[in-house]
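Chemist: From the sequence below, what's the structure:
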Amino acid sequence: MTDRRLVEEHVRSFVRAFVDPTAWLALLVGRNTRAGRQRFRALLRSPLPLVDARTVSVADRDERFAVRLLERLGAPSTCVLVKDGLVEDETTTLGSAMHRAQLSGEGALISCIPGRLAYLQTADGRRTILYRQCRSGRAGPPS
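Modeler: Modelled structure (predicted):
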């Protein structure tokens with residue numbers, strides 16, 4: 001699978017798993033164009049309409065804590081970074097993605113497991129880990 005296809009799989013899975021269904025089309029429309037992807041990244045600046053009961057706020061914690069928590073929830077070493085200010089979305093290491101997101105303070109999405117585990121940051125300082133339980137028990141709530 002190419003990086004572009006992998007990125008799009010992560011983005012679509014994130015939107016379908018964690019965003020209120022009434023906002024899906026507005027978020028995903030145009031992702032097949034550079035301008036559409038740029039528009040999506042810009043939408044990350046503000047809070048998205050998320051579904052309930054699948055979040056852990058890490059706004060008052062440092063990036064190392066957020067990375068360790070994501071790893072405890074099953075995050076692999078490589079993830080997808082979608083961040084306001086990027087020219088193109090990319091795959092990178094979890095540590096690099098988290099550092100770049102928190103350092104920038106911009107809207108960012110780090111997708112670790114498509115539709116199961118992600119980190120979302122808005123420009124107003126909200127930093128949230130989103131997760132869905134899977135059958136293996138990974139990507140569930142912290143114990």
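Chemist: Going by C-alpha atoms from here, please, whenever you check contacts or count neighbours.
Modeler: OK.
Chemist: how about the helix or strand of the chain with the lowest mean pLDDT as CSV, C-alpha atoms only?
Modeler: When each helix and strand of the chain is scored by mean pLDDT, DSSP states H and E, helix 24-28 comes last, with a mean of 86. C-alpha atoms of helix 24-28 as CSV (Å, rounded to 0.1, in the frame of the first residue of the first chain):
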residue,chain,number,x,y,z
TRP,A,24,-18.5,13.1,7.7
LEU,A,25,-19.2,14.5,4.3
ALA,A,26,-18.1,18.0,5.1
LEU,A,27,-14.8,16.6,6.4
LEU,A,28,-14.1,14.0,3.7
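Chemist: Which strands or helices does the following helix or strand past that helix pack on?
Modeler: Using DSSP states H and E, the helix or strand that follows helix 24-28 in sequence is helix 34-43. Secondary structure elements in contact with helix 34-43, counted by 3 or more CA pairs under 8 Å, 6 or more residues apart in numbering; DSSP states H and E, are helix 24-28.
Chemist: pLDDT weak spots in this protein?
Modeler: Within the chain, the segments meeting pLDDT under 70 span 1-2, 53, 134-143.
Chemist: check contacts around Thr78.
Modeler: Contacts for Thr78 (CA atoms under 8 Å, 6 or more residues apart in numbering) come out as Thr91, Thr92, Thr93, Leu94, Cys112.
Chemist: so where do the helices sit in the protein?
Modeler: Per DSSP state H, the chain carries helices over the ranges 3-18, 24-28, 34-43, 63-72, 94-104.
Chemist: Contacts made by the shortest one with the rest, please.
Modeler: Contacts to helix 24-28, defined as CA under 8 Å, 6+ apart, come from residues Arg12, Val15, Arg16, Phe40, Leu43.
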